[in-house]
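1. Fold the stuff below for me.
(chains A and B)
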Amino acid sequence: MLKCRSAWNKLAPLARSSAAACRRHAASRTGLQQMGGRLVPAAPMSTGGAGGGGGGQNMMYFLLVGATAIGGGVYTYQTVRGDRDRYEDRITEIASRTTKSLQHQDSYIQTQPSVEPAASLPVVPGHAPYLLIGGGTASFAAARSIRARDPGAKVLIVTDEPDLPYMRPPLSKELWFSDDPAITDTLRFKQWNGKERSIYFQPPSFYIRPGELAAAPNGGVAVLTGRKVVHMDVRGNKVQLDDNTEISYDKCLIATGGVPRNLQVIERAGEEVMKRTTLFRKVEDFKVLDSVSRSVKSITIVGGGFLGSELACALGRRSADSGLEVMQIFPEKGNMGKILPEYLSNWTTEKVKKEGVKVLPEALVKSVSFKDDQVQIQLKDGRVVTTDHLVAAVGLEPSVDLAKSAGLEVDADFGGYRVNAELQARSNIWVAGDAACFYDIRLGRRRVEHHDHAVVSGRLAGENMTGANKPYWHQSMFWSDLGPDVGYEAIGIVDSSLPTVGVFAKATAKDTPRAATEQSGTGIRSESETEEVALSPVASQAAPPAGPPQKDDYGKGVIFYLRDKVVVGIVLWNVFNRMPIARKIIKDGEEHADLNEVAKLFNIHED
Amino acid sequence: MSYCREEGKDRIIFVTKEDHEAPSNAELIADDPNDPYEEQGLILPNGDINWNCPCLGGMASGPCGSQFKEAFSCFHYSKEEVKGSECIDNFRGMQECMQRYPELYPQEEDGESSPNQGQSGSDPTTDSNSPPSTSQSAPSSDSKAPSEGQNAS
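-> Numbering: from 1, shown residues only, chains lettered A, B, ... in the order given. Presented below is the predicted three-dimensional model:
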């Protein structure tokens, strides 16, 4: 039976374009078959929902339609059920979109709002059986789930963005590594498996026009772009848009995501500084920062988390060719300091520096000003950083504007709309994605800001909006790559304030992702600087050393995060295709006497 | 030889391949095959089709979802001697729908498809009405054919 085992294996690759990652994944597939096999038989693939795209479609298409039939049907069956690996390859792929289709989409979007409401078909339907507020990943995943379970379902997505639903991870990852000068127009990226796809989940022809929703015989998904829901009437089951239009609903999803936070000192610094500051979230922000990075001499990123560190590495790589100065400042001691244990965070910072980034840790911004055509950042310790452009990557503020009118509770600790284990806020109202503060039966109350969580929670909300009554059960994961030496995937509660146990493979030269990249001859960046690969190249030698290696090299390993002696989070550090095992350990929630024994399950010495 | 040290609350263990060669004695809880909340594959334990299986991609949720479901249900539940032989009309309906969305359901195979295309390399658009007798040998698991068309548009 097709268990769609490695959910992450479809989404993680979604954003992995580097040849290194490609190599790693290709190699580690064997490892999964060897050991993942029967260990976690039911590890599901909830994540494929949105990431899946056309791969599955096309597969089914050729299977079912291609042969028109009976034999073909058998084939479908066998193939779909049997060929997991191939499916995993496919699921991340999507039918290519031609330039023509892009143009089509643009015109569609531009003309849509200008249509007169008085035309024969109303632009905005007065009623939507399924109303999804927000046009991001969670909404799209919910739409797909709803349509799958209720085939004639009429789904309306209302989004204040001008774009059809798209995925955000490539905006800070793959899109920066493209050689295509027209990348900001094509918005296509190469996945880890070498195939190209668009950041848009589906081309415009997938959707129907909002005005056609009411009459569509088989229903469909419509997207109302550039409109914002400003008021909810829960008792009346209706919402009001920013142009005063009202839409009633039967079931409603709130998937409003959030807006990037800024530092008060930047906001107070005046117009000239704000003009030179990017808050990064949307496709438009990518376009702007891409353009800025080609025209200025210096960019400074404020923030040491996922977004800040990924953008720093992406821009740092560009600096090798263009002479762009890239600085990153943050209050923690190292990159990802809130996520990774300190030793690993420090190690990561060294790697980020090798990407061409001038990293200033333990730097608190005291004030920002504009002087001599440049932005000056005064730090609390007296240092001054001068730069042309700022990127503030200091977290996300969940959008909970509807809480008041809808009478919904906002979580005091985590922010976001408080929902139960089934993601429900009130009758007929569910919340998914970044904006949902949900109850995880295993791990307690949480709010998660990751792509895969948007997929998983959106999908679950869609199921529950069609009567599934399921709790949050399948753990979402997340991943990040910071240059060729650091790639990781994680699950559960990964918080550096928790006690951790890290089990690392004593490195050999051939173990590092960099070595893998070099072997395949497809490095993702210029290899100009030298680096000592493998500081303790002893592991596979006949005689292991008696003492510790000269210097610790955290090339590959697994890190367990503990709460009350139970593993609540796991980072797979340069170890790929093992997420089902990690998910199983979190799901069990058992106390393990010896985590080194648990680490054995991950075969960290294998590819 | 493994080596272990602690930095505050964080414990760090380095292990060699040999250290980890002995089987793990960590105990995992046996999975409940009837876990009602666990996500299932394409076919549910009770034999029904799981339309929300991500393995279907957008098939069940896309513009031709209804037609796809009818055709696939017909086939799945078919008790005919030649399974699905009564479903020709359903499949035709599905294909007619798909032809209206060439961008979503590419009608031609990718020219770069791998040579081990195998049997379903026949153009799906041309002989939709002919009996698929040649496909009976299809269920080999190594054919790359059915999934190779995604770049077609």
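
2. which intervals of chain B have sub-threshold pLDDT?
-> Scanning chain B for pLDDT under 70 picks out B:1, B:108-153.

3. What ranges does it have for its strands?
-> Taking DSSP state E, the strands of chain B run over residues B:3-7, B:10-15.

4. Go through those strands and pick out the most buried.
-> Sort those by mean neighbour count, taking mean count of other Cβ atoms under 10 Å in any protein chain shown, and strand B:10-15 sits at the top with a mean of 21. (C-beta placed from N, C-alpha, C; glycine too.)

5. Do that strand and chain A come into contact?
-> Yes - using Cβ under 8 Å from any Cβ of the partner chain, strand B:10-15 reaches chain A at B:Asp10, B:Arg11, B:Ile12, B:Ile13, B:Phe14, B:Val15.

6. can you pull the contacts of the closest residue to the last one other than its chain neighbours?
-> Meaning B:Val15. Leaving aside its sequence neighbours, B:Val15 sits nearest to B:Ser2 (Cβ to Cβ, 6 or more residues apart in numbering or on different chains; 4.4 Å). Listed by Cβ atoms under 8 Å, 6 or more residues apart in numbering or on different chains, the contact set of B:Ser2 reads A:Asn596, B:Ile13, B:Phe14, B:Val15, B:Thr16, B:Asp19.

7. about what we covered before: let me have the strands of chain B in TSV, extended by distance to A:Ile586.
-> Formatted as TSV, the strands of chain B follow (distance: least, Cβ to Cβ, whole Å):
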stretch	distance to A:Ile586
strand B:3-7	24
strand B:10-15	19
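
8. Compare these and give me the one nearest A:Lys354.
-> strand B:10-15 (21.9 Å; Cβ to Cβ).

9. elements contacting that closest one?
-> Under the contact criterion of 3 or more Cβ pairs under 8 Å, 6 or more residues apart in numbering or on different chains; DSSP states H and E, strand B:10-15 touches helix A:342-354, strand A:500-505, helix A:595-600, strand B:3-7.

10. who does the nearest residue to B:Arg11 once chain neighbours are set aside bridge with?
-> Nearest residue to B:Arg11, sequence neighbours excluded (Cβ to Cβ, 6+ apart): A:Val501, at 4.5 Å. A:Val501 forms beta bridges with A:Phe560, B:Arg11, as assigned by DSSP bridges.

11. wait, A:Val501 sits on A:Phe560?
-> Yes - using Cβ atoms under 8 Å, A:Val501 is in contact with A:Phe560, at 4.7 Å.

12. And the helices and strands packed on strand B:10-15: which comes nearest A:Trp176?
-> Across the helices and strands packed on strand B:10-15 (criterion: Cβ to Cβ), the nearest stretch is helix A:342-354, sitting at 14.5 Å.

13. Can you give me the buried ones in that closest one?
-> A:Glu342, A:Tyr343, A:Leu344, A:Ser345, A:Asn346, A:Trp347, A:Thr348, A:Thr349, A:Lys351, A:Val352, A:Lys353, A:Lys354 (16 or more other Cβ atoms under 10 Å in any protein chain shown).

14. same thing with stretch A:253-267?
-> A:Leu253, A:Ile254, A:Ala255, A:Thr256, A:Gly257, A:Gly258, A:Pro260, A:Asn262, A:Leu263, A:Val265, A:Ile266.

15. if we can go back for a sec, okay, and the common contacts of A:Val501 and A:Phe560?
-> With Cβ under 8 Å, 6+ apart as the test, A:Val501 and A:Phe560 both reach A:Leu595.

16. circling back to that earlier point, any chance of the buried residues of stretch A:253-267 in JSON lines with pLDDT, distance to A:Ser291 and secondary structure as columns?
-> What follows is the buried residues of stretch A:253-267, written out as JSON lines (pLDDT from 0 to 100; distance: Cβ to Cβ, whole Å; DSSP: H, G, I helix; E, B strand; the rest coil):
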{"residue": "A:Leu253", "pLDDT": "98", "distance to A:Ser291": "34", "secondary structure": "strand"}
{"residue": "A:Ile254", "pLDDT": "98", "distance to A:Ser291": "33", "secondary structure": "strand"}
{"residue": "A:Ala255", "pLDDT": "98", "distance to A:Ser291": "29", "secondary structure": "coil"}
{"residue": "A:Thr256", "pLDDT": "98", "distance to A:Ser291": "28", "secondary structure": "coil"}
{"residue": "A:Gly257", "pLDDT": "98", "distance to A:Ser291": "24", "secondary structure": "coil"}
{"residue": "A:Gly258", "pLDDT": "98", "distance to A:Ser291": "24", "secondary structure": "strand"}
{"residue": "A:Pro260", "pLDDT": "98", "distance to A:Ser291": "18", "secondary structure": "strand"}
{"residue": "A:Asn262", "pLDDT": "97", "distance to A:Ser291": "20", "secondary structure": "coil"}
{"residue": "A:Leu263", "pLDDT": "97", "distance to A:Ser291": "23", "secondary structure": "coil"}
{"residue": "A:Val265", "pLDDT": "97", "distance to A:Ser291": "25", "secondary structure": "helix"}
{"residue": "A:Ile266", "pLDDT": "97", "distance to A:Ser291": "20", "secondary structure": "helix"}
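
17. Which two among these are spaced furthest apart?
-> Taking Cβ to Cβ, no two of those sit farther apart than A:Leu253 and A:Val265, at 36.4 Å.

18. Would you map the helices across the stretch 351-500 of chain A?
-> For the stretch 351-500 of chain A, applying DSSP state H, counting those that start in this stretch gives helices covering A:403-406, A:451-465.

19. who does the shortest one touch, helix- and strand-wise?
-> Put plainly, it is helix A:403-406. Using 3+ Cβ pairs under 8 Å, 6+ apart as the test, helix A:403-406 ends up in contact with strand A:229-233.

20. Can you name the secondary structure element that comes next after the strand it packs on?
-> Moving toward the C-terminus from strand A:229-233, the next helix or strand (DSSP states H and E) is strand A:238-241.

21. what does that following strand contact?
-> Strand A:238-241 is contacted by residues A:124, A:131, A:133, A:158, A:227-233, A:246-249, A:252 when judged by Cβ under 8 Å, 6+ apart.

22. quick check: mean pLDDT across that strand?
-> Average pLDDT, strand A:238-241: 98.

23. Could you spell out the sheet neighbours of it, each with its direction?
-> Under the rule (DSSP bridges), strand A:238-241 has strand A:229-233 (antiparallel), strand A:246-254 (antiparallel) as partners.

24. Out of the ones you listed, which one sits most buried?
-> Per stretch, and counting mean count of other Cβ under 10 Å, the top mean among the strands paired with strand A:238-241 goes to strand A:246-254, which has a mean of 23.

25. and it, how far from the chain's centre?
-> A distance of 27 Å separates the centroid of the chain from that of strand A:246-254, by Cα atoms, centre = their mean, to the nearest Å.

26. the inter-axis angle of that strand versus helix A:451-465?
-> Interaxial angle, strand A:246-254 versus helix A:451-465 (axes from the mean of the first three to the mean of the last three Cα atoms, to 10 degrees): 120 degrees.

27. List the contacts of strand A:246-254.
-> A:124-134, A:138-139, A:142, A:156, A:158, A:232, A:236-241, A:402, A:408, A:417, A:425, A:428-432, A:435, A:458, A:461-462, A:465-466.

28. For those residues, which ChimeraX command selects only the ones that are buried?
-> Selection of the buried residues among the contacts of strand A:246-254 in ChimeraX, burial being defined by 16+ other Cβ under 10 Å:
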select /A:124,125,127,128,129,130,131,132,133,134,138,139,142,156,158,232,237,238,239,240,241,402,408,417,425,429,430,431,432,435,458,461,462,465,466
